[in-house]
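>>> With the input below, show me the fold.
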Amino acid sequence: MDIIISNSTGEPIYEQIVKQIKTQIMTGELKAGDALPSMRALAQALRISVITTKRAYEELERDGFIESYTGRGSFVKGQNTELLKEEYLRQAEAHLAEACEVARRCDISLEELTSILEMLYGGN
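As a prediction, this is how the structure comes out:
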(Lines give C-alpha, C1' and ligand atoms only; values in the text may rest on other atoms or scores of the structure.)
Protein backbone atom coordinates (compact mmCIF):
# COMPACT_ATOMS: atom_id res chain seq x y z
CA MET A 1 0.00 0.00 0.00
CA ASP A 2 1.54 3.26 -1.14
CA ILE A 3 0.63 6.53 0.51
CA ILE A 4 2.31 9.77 -0.44
CA ILE A 5 2.08 12.72 1.94
CA SER A 6 2.49 16.25 0.66
CA ASN A 7 3.23 19.18 2.94
CA SER A 8 2.50 21.69 0.18
CA THR A 9 -1.21 20.95 -0.42
CA GLY A 10 -2.54 22.59 2.72
CA GLU A 11 -4.72 19.51 3.24
CA PRO A 12 -4.38 17.85 6.65
CA ILE A 13 -2.23 14.71 6.63
CA TYR A 14 -5.00 12.48 8.01
CA GLU A 15 -7.29 13.58 5.14
CA GLN A 16 -4.58 12.74 2.61
CA ILE A 17 -4.30 9.25 4.13
CA VAL A 18 -8.09 8.78 4.13
CA LYS A 19 -8.44 9.87 0.48
CA GLN A 20 -5.63 7.66 -0.73
CA ILE A 21 -6.86 4.56 1.12
CA LYS A 22 -10.43 5.16 -0.09
CA THR A 23 -9.15 5.47 -3.65
CA GLN A 24 -7.17 2.25 -3.35
CA ILE A 25 -10.27 0.46 -2.04
CA MET A 26 -12.57 1.89 -4.70
CA THR A 27 -10.18 0.99 -7.54
CA GLY A 28 -9.75 -2.55 -6.24
CA GLU A 29 -6.09 -2.13 -5.38
CA LEU A 30 -7.09 -2.99 -1.80
CA LYS A 31 -9.66 -5.76 -1.57
CA ALA A 32 -12.09 -6.87 1.13
CA GLY A 33 -10.21 -8.60 3.92
CA ASP A 34 -6.82 -7.07 3.08
CA ALA A 35 -4.92 -6.07 6.20
CA LEU A 36 -3.85 -2.47 6.58
CA PRO A 37 -0.57 -1.62 8.28
CA SER A 38 -0.89 -1.08 12.01
CA MET A 39 -1.34 2.54 13.02
CA ARG A 40 2.13 2.53 14.52
CA ALA A 41 3.75 0.95 11.42
CA LEU A 42 2.03 3.42 9.09
CA ALA A 43 3.05 6.34 11.31
CA GLN A 44 6.68 5.16 11.27
CA ALA A 45 6.66 4.59 7.50
CA LEU A 46 5.24 8.06 6.84
CA ARG A 47 7.21 9.69 9.68
CA ILE A 48 4.11 11.16 11.24
CA SER A 49 2.33 10.94 14.59
CA VAL A 50 0.41 7.81 15.57
CA ILE A 51 -2.41 10.18 16.55
CA THR A 52 -2.67 11.23 12.89
CA THR A 53 -2.91 7.65 11.63
CA LYS A 54 -5.42 6.85 14.39
CA ARG A 55 -7.62 9.72 13.25
CA ALA A 56 -7.42 8.56 9.62
CA TYR A 57 -8.32 4.95 10.53
CA GLU A 58 -11.20 6.13 12.73
CA GLU A 59 -12.62 8.17 9.84
CA LEU A 60 -12.24 5.25 7.43
CA GLU A 61 -14.04 2.99 9.90
CA ARG A 62 -16.80 5.55 10.49
CA ASP A 63 -17.33 5.83 6.71
CA GLY A 64 -17.58 2.04 6.39
CA PHE A 65 -14.38 1.40 4.44
CA ILE A 66 -12.43 -0.54 7.08
CA GLU A 67 -13.10 -2.49 10.23
CA SER A 68 -10.73 -2.67 13.18
CA TYR A 69 -10.37 -5.39 15.79
CA THR A 70 -8.50 -4.92 19.05
CA GLY A 71 -5.33 -6.98 18.98
CA ARG A 72 -5.81 -8.06 15.35
CA GLY A 73 -5.56 -4.84 13.38
CA SER A 74 -7.53 -3.08 10.68
CA PHE A 75 -8.90 -4.68 7.52
CA VAL A 76 -10.64 -3.53 4.35
CA LYS A 77 -14.35 -4.06 4.81
CA GLY A 78 -16.45 -5.82 2.18
CA GLN A 79 -17.89 -2.98 0.15
CA ASN A 80 -21.53 -2.33 -0.49
CA THR A 81 -21.84 -1.23 -4.13
CA GLU A 82 -24.25 1.54 -3.12
CA LEU A 83 -21.68 2.88 -0.63
CA LEU A 84 -19.02 2.94 -3.36
CA LYS A 85 -21.37 4.65 -5.81
CA GLU A 86 -22.26 7.24 -3.18
CA GLU A 87 -18.57 7.95 -2.56
CA TYR A 88 -17.91 8.36 -6.31
CA LEU A 89 -20.96 10.63 -6.56
CA ARG A 90 -19.69 12.73 -3.65
CA GLN A 91 -16.31 13.10 -5.36
CA ALA A 92 -17.91 14.04 -8.69
CA GLU A 93 -20.09 16.65 -6.96
CA ALA A 94 -17.05 18.19 -5.30
CA HIS A 95 -15.21 18.45 -8.62
CA LEU A 96 -18.26 19.85 -10.37
CA ALA A 97 -18.77 22.43 -7.60
CA GLU A 98 -15.19 23.57 -8.11
CA ALA A 99 -15.72 23.75 -11.88
CA CYS A 100 -18.88 25.81 -11.38
CA GLU A 101 -17.01 28.23 -9.13
CA VAL A 102 -14.29 28.69 -11.76
CA ALA A 103 -16.94 29.16 -14.47
CA ARG A 104 -18.73 31.85 -12.44
CA ARG A 105 -15.46 33.70 -11.85
CA CYS A 106 -14.69 33.61 -15.59
CA ASP A 107 -18.24 34.55 -16.59
CA ILE A 108 -18.80 31.25 -18.43
CA SER A 109 -22.52 30.64 -18.95
CA LEU A 110 -24.35 27.53 -17.79
CA GLU A 111 -24.94 26.63 -21.45
CA GLU A 112 -21.21 26.82 -22.21
CA LEU A 113 -20.39 24.81 -19.11
CA THR A 114 -23.01 22.20 -20.00
CA SER A 115 -21.59 21.99 -23.51
CA ILE A 116 -18.09 21.45 -22.12
CA LEU A 117 -19.35 18.77 -19.74
CA GLU A 118 -21.21 16.95 -22.54
CA MET A 119 -18.09 17.05 -24.72
CA LEU A 120 -15.85 15.75 -21.91
CA TYR A 121 -18.33 13.07 -20.89
CA GLY A 122 -18.45 11.72 -24.42
CA GLY A 123 -21.56 13.36 -25.83
CA ASN A 124 -21.80 15.27 -29.09
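
>>> So which elements touch the helix or strand containing residue 95?
Of the helices and strands defined by DSSP states H and E, residue 95 is found in helix 81-105. On a contact count with 3 or more CB pairs under 8 Å, 6 or more residues apart in numbering; DSSP states H and E, helix 81-105 meets helix 13-26, helix 110-121. The C-beta positions use only the backbone N, C-alpha and C, and glycine is treated the same way.

>>> Return the most buried member of these.
Among the helices and strands packed on helix 81-105, judged by mean count of other CB atoms under 10 Å, the one packed with the most neighbours on average is helix 13-26 (a mean of 18).

>>> And the contacts of that one?
Applying CB atoms under 8 Å, 6 or more residues apart in numbering, the contact partners of helix 13-26 are 1-6, 9, 29-30, 36, 42, 46, 48, 52-53, 55-56, 59-60, 63, 65-66, 76, 79, 84, 87-88.
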